[in-house]
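[1] Just to be clear, the model below is a prediction. Sequence and coordinates:
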Amino acid sequence: MDKPTFVYVTSIATTPEKPWEALTRAEFTKQYWFGVCFETDWRVGSKFTTRLDDGMLCDSGEVLEYGRLLGIGFVSKGVACSRAGIAS
């Protein structure tokens with residue numbers, strides 16, 4: 001992956017289970033992640049994509065960290081991003 005042009009971090013004060021539920025259940029990701037669903041198995045090194053209901057690809061990337069912290073590197077509409085994460 002190219003050097004990111006944009007880096008951001010999100011911290012969520014909640015139990016570890018709630019963010020994982022939100023990421024893995026389409027009804028939640030659509031509500032909080034701009035209407036898209038994640039397609040991945042969430043293992044480190046795995047690819048992931050986000051798509052709209054019509055199948056349009058929005059983001060693609062790789063799972064960088066998984067566990068207490070979720071780190072993903074991704075490209076969104078041609079802009080390389082890195083380390084969007086969720087810490088429990």
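    In hand now; what should we look at?

[2] and the most centrally placed residue in the chain, what element?
    Among the residues of the chain, Ile72 comes closest to the average C-alpha position under C-alpha atoms, centre = their mean, at 5.9 Å. Element membership of Ile72, judged by DSSP states H and E, is strand 69-76.

[3] Now for this protein, the helix or strand with the poorest mean pLDDT.
    strand 79-87 (a mean of 45; mean pLDDT, DSSP states H and E).

[4] Where does the prediction get shaky in the chain?
    By pLDDT under 70, the low-scoring segments of the chain are 1-6, 77-88.

[5] now the farthest one out in it, which residue is it?
    Asp54 (19.1 Å).

[6] How much space separates that one from Thr14?
    Separation of Asp54 from Thr14 (C-beta to C-beta, to the nearest Å): 31 Å. Placement of C-beta: from N, CA and C, glycine included.

[7] swap in Lys30?
    According to C-beta to C-beta, Lys30 stands 19 Å off from Thr14.

[8] which of these two has more neighbours?
    Legend: neighbour count by other C-beta atoms under 10 Å for Lys30 and Thr14, higher for Lys30 (14 against 11).

[9] For the more buried one, list the residues it contacts.
    If a contact means C-beta atoms under 8 Å, 6 or more residues apart in numbering, then Lys30 has 36-37, 53 as its contacts.
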